[in-house]
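Trainee: have a look; sequence and predicted model below, questions after that.
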Amino acid sequence: MREWLVAADDRTGAFEVAALLTAVVGPITVSVGRAPDGSGVVDLGSRAATVVAAGDRARSVDDTPSRWTAHKIDSTLRGHWAAELSARRAATGRRLVLLPGWPEMGRTCVGGQVLVHGEPIGSPLDALPGAALLADADALRAWLRGSGSMAVCGGPDAVSVGGVAREVAEADAEVERFRSQANLFRGGGATSTGLNEQQLTDLTTEVSKARGARGEAEARARAARGLMQRGSVEAIPEVQRSPVIQGLIAQKTRAEREKAEAETTLLAGHPRMKQLYLDYLAGWKQSGGTLMAVFSSMGTYSKWGSWGLLEYHGQPPAEAPKYQAVLEFLHANARWW
């Protein structure tokens, strides 16, 4: 983090600030277009640019955080100073104090109106969006203790520019020290955010994730309901991935295979057919099956197998184990769907 940075909207303003600071801190680095690596002054060359370009240049200059930062504008309000100040405030996340007065040069501010040797110029500064108009140093001190984001110091002589600048710098430095100690400042440059902005960004991200997850869950639920209505429970992805369901499906498949083999080798009247049919029907129910058409109610043995529950009309139930199994299953299992 650099110690301080001053941006100016033209070359003259940049050298003007550098000359004043040199008398205090020694030699000053003045760069053009891009901020110096360390502390210094940068000429954005934005006064003659378009308002969009001016805002972009001001926004990108704070690519590295500075403990103390300032923005030099024209004392007669030429250029795109409002767009530049708004862009830098958004980029740094810091509070902004506009000092339009320079009494030594005949520049004063009364009621938010900048005067040059007593003559009004430009529009009143109280029209600056979100800015609080401060009449004197006491008002500035009170504002600094609050949570406002932008202020204009508008007293004619009551506010000493140097004194206000020192108060702002000291308050800003104190805030930065607190943020650093409490870990309330994250990122750098254009991505720097204060605590409230961090929390808002984090909450927005979580809300977006939750909405996305909810949408996916609702889509899966709709698809599952459609498959259940069509009797295709086994096609639901969550069902297919369930170890329990996979085991039941495997059990059902095994029972179907054993049933088919038994019908071929043991024929319909073998005592084992009853238990095979009971296992088959239980597997059907456990895997989500509902209505079943058992094929077939009656039929003799043929080269295609032995499919009938009964082999002939009037066959005693005691001689038909498959028929016994179906009746027993129906008695033990009322309609479950």
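Mentor: Right, received. Where do you want to start? Fair warning: this is a prediction, and the values are worked out from it, not measured in the lab.
Trainee: can you give the distance from the helix or strand containing residue 224 to the centre of its chain?
Mentor: Using DSSP states H and E, residue 224 sits within helix 195-229. Remark: helix 195-229 is offset 11 Å from the chain centroid, using CA atoms, centre = their mean, to the nearest Å.
Trainee: please apply the same query to stretch 2-16.
Mentor: 36 Å.
Trainee: got the contact list for that stretch?
Mentor: With contact meaning CB atoms under 8 Å, 6 or more residues apart in numbering, stretch 2-16 is reached by 17, 21, 30, 32, 35-48, 54, 58, 61-62, 64-74, 79-81, 84, 88. The C-beta positions use only the backbone N, C-alpha and C, and glycine is treated the same way.
Trainee: how many neighbours does residue 296 have?
Mentor: Under the neighbour criterion other CB atoms under 10 Å, residue 296 is assigned a count of 10.
Trainee: so it touches residue 306, yeah?
Mentor: No: between residue 296 and residue 306 there is no contact under CB atoms under 8 Å: 10.4 Å.
Trainee: describe which strands the helix or strand that residue 114 is a member of pairs with in its sheet and in which direction.
Mentor: Element membership for residue 114, per DSSP H and E: strand 113-116. With DSSP bridges as the test, strand 113-116 is paired with strand 107-110 (antiparallel), strand 119-120 (antiparallel).
Trainee: can you tell me which of those is most buried?
Mentor: Most buried of these, by mean neighbour count (mean count of other CB atoms under 10 Å): strand 107-110, with a mean of 20.
Trainee: picking that back up, mark which of the contacts of stretch 2-16 are part of helices, please.
Mentor: The helices, defined by DSSP state H, take in 17, 21, 54, 58, 81, 84, 88 from the contacts of stretch 2-16.
Trainee: ok, now which ones touch the fourth one?
Mentor: Residues touching residue 58, when contacts are defined by CB under 8 Å, 6+ apart, comprise 7, 44, 46, 71, 83, 84, 85, 87, 88, 91.
Trainee: most surrounded residue in the residues you listed?
Mentor: Most surrounded of the contacts of residue 58: other CB under 10 Å gives residue 44, at 28 neighbours.
Trainee: what distance do you get for the residue nearest to it when sequence neighbours are not counted to residue 42?
Mentor: Spatially, and ignoring its direct neighbours in sequence, residue 44 is nearest to residue 57 (4.6 Å; CB to CB, 6 or more residues apart in numbering). Residue 57 is 9 Å from residue 42, where distance means CB to CB, to the nearest Å.
Trainee: ok, now residue 253?
Mentor: Distance from residue 253 to residue 42, by CB to CB: 75 Å.
Trainee: more neighbours, those two?
Mentor: residue 42 (20 against 12).
Trainee: got the contact list for the more buried one?
Mentor: 5-8, 14, 30-36, 61.
Trainee: of these - the most surrounded one?
Mentor: Most crowded among the contacts of residue 42, counting by other CB under 10 Å, is residue 61 at 27 neighbours.
Trainee: residue 35 is in contact with that residue, correct?
Mentor: Yes: counting by CB under 8 Å, residue 61 does reach residue 35; the two are 5.2 Å apart.
Trainee: and the protein, what are its domains?
Mentor: As assigned by automatic domain parsing, the chain contains the domains 2-193, 194-232, 242-332.
Trainee: most tightly packed of these?
Mentor: domain 2-193 (a mean of 17).
Trainee: can you give me the strands in the stretch 51-200 of the chain?
Mentor: For the stretch 51-200 of the chain, the strands defined by DSSP state E, counting those that start in this stretch occupy 66-72, 96-98, 107-110, 113-116, 119-120, 131-134, 150-153.
Trainee: if we can go back for a sec, overlap of the contact sets of residue 57 and residue 42?
Mentor: What both residue 57 and residue 42 touch, as defined by CB under 8 Å, 6+ apart, is the set residue 33.
Trainee: residue 53 versus residue 59, what's the distance?
Mentor: For residue 59 relative to residue 53 (CB to CB), the value is 11 Å.
Trainee: which neighbours do the two share?
Mentor: Common neighbours of residue 59 and residue 53 (CB under 8 Å, 6+ apart) do not exist.
Trainee: re the thing from before, so what's the gap between the strand holding residue 114 and the chain middle?
Mentor: So, by CA atoms, centre = their mean, the centroid of strand 113-116 is 45 Å from its chain's centroid.
Trainee: export it as CSV, just CAs?
Mentor: Provided in CSV are the C-alpha atoms of strand 113-116 (Å, rounded to 0.1, in the frame of the first residue of the first chain):
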residue,chain,number,x,y,z
GLN,A,113,-22.1,28.3,-4.8
VAL,A,114,-18.5,28.7,-5.9
LEU,A,115,-17.4,32.4,-6.3
VAL,A,116,-14.4,33.8,-8.2
